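*Asks:* Quick one, fold the following:
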Amino acid sequence: MTSSSVAASSVAADLSIAYGGTATADGWDDVLARYAHHVSASPDAPAVEDGELAWTYAELDALAGRTADALRDRVRPGDLVAVCLDRSAALVATAVAVARLGAVYLPLGPRPGERRLAAVADGLRVACLIGAPDALPEAYATRGADTFHRDGGDACGADGVDAQGEGPARND
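*Replies:* Numbers count the residues shown, from 1 in each chain. Okay, here's the model as predicted:
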């Protein structure tokens with residue numbers, strides 16, 4: 001065995017590798033199943049605190065549903081969805097929506113910068129970019145998108161999360 005293969009074996013032994021959910025009597029035990037359980041069991045319980053706002057599981061689930069619906073025509077299972085959002089309810093709802101669609105969530109951070117976005121756009125096949133217009137470089141923030149608000153309404157023409165951070169948007 002070479003020193004590099006010994007080093008690789010040592011590194012691999014230190015990794016924690018998960019192979020997806022496991023079958024249980026109640027269905028698959030995975031993150032979305034656990035999330036759905038919390039939504040149905042405790043819809044009024046707090047799920048996410050976002051600044052001064054607290055989102056219940058029911059509110060978060062409704063926002064995730066609207067986000068998934070908005071992305072459904074553009075995002076397919078296996079597609080790469082780049083996400084540029086701060087830690088917020090919008091980020092959690094977006095992650096749930098992307099998972100529901102079977103897409104791959106690519107976190108780029110809230111302010112990735114133009115060079116990083118260009119490298120991702122040039123090197124990867126990103127189906128969708130989701131972010132706040134004030135955080136994205138102008139070249140990416142000016143494309144048409146929708147903003148989804150907590151109350152269920154949407155404000156077309158705004159390119160991201162509204163000023164209160166109350167909803168994710170999509171930029172293609």
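
*Asks:* Show the average pLDDT along the longest helix seen in the chain.
*Replies:* When the chain is scanned for its longest helix (criterion: DSSP state H), the result is helix 57-71. Average pLDDT, helix 57-71: 94.

*Asks:* cool, stretch 86-96 as well?
*Replies:* 92.

*Asks:* just stretch 30-40 next, same as before
*Replies:* Mean predicted confidence for stretch 30-40 is 89.

*Asks:* where in the chain is pLDDT low?
*Replies:* Residues of the chain meeting the criterion pLDDT under 70: 1-29, 140-172.

*Asks:* run the last query once more with 80
*Replies:* Applying pLDDT under 80 to the chain flags residues 1-30, 121-122, 133-172.

*Asks:* Tell me which residues of stretch 53-60 come out buried.
*Replies:* Residues of stretch 53-60 classed as buried: 55-57, 59-60 (neighbour count, 16 or more other CB atoms under 10 Å). C-beta coordinates here come from the backbone N, C-alpha and C atoms, glycine included.

*Asks:* between these, which is closest to H38?
*Replies:* Of all the buried residues of stretch 53-60, Y57 has the smallest distance to H38: 5.4 Å, by CB to CB.

*Asks:* which residues sit in contact with the closest one?
*Replies:* Residues in contact with Y57 (CB atoms under 8 Å, 6 or more residues apart in numbering) are 38-39, 42-45, 47.

*Asks:* what about 10 Å?
*Replies:* 35-48 (CB atoms under 10 Å, 6 or more residues apart in numbering).

*Asks:* Out of these, list just those in helices.
*Replies:* Using DSSP H, these in helices are 35-41.

*Asks:* and the gap between W55 and A64?
*Replies:* 10 Å (CB to CB, to the nearest Å).

*Asks:* got any residues that touch both of these two?
*Replies:* 89, 92-93.

*Asks:* Would you check that V96 makes contact with A68?
*Replies:* Yes: the pair V96 / A68 is scored as a contact, 7.8 Å apart, by CB atoms under 10 Å.

*Asks:* can you map out the strands along the chain?
*Replies:* Using DSSP state E, the strands of the chain run over 22-24, 27-29, 46-50, 53-56, 80-84, 104-107, 126-131, 146-148, 154-156.

*Asks:* re the thing from before, more crowded one of V96 and A68?
*Replies:* V96 (23 against 19; other CB atoms under 10 Å).

*Asks:* Next, the buried residues of stretch 109-124.
*Replies:* Buried-residue list, stretch 109-124, by 16+ other CB under 10 Å: 110, 112, 117, 120.
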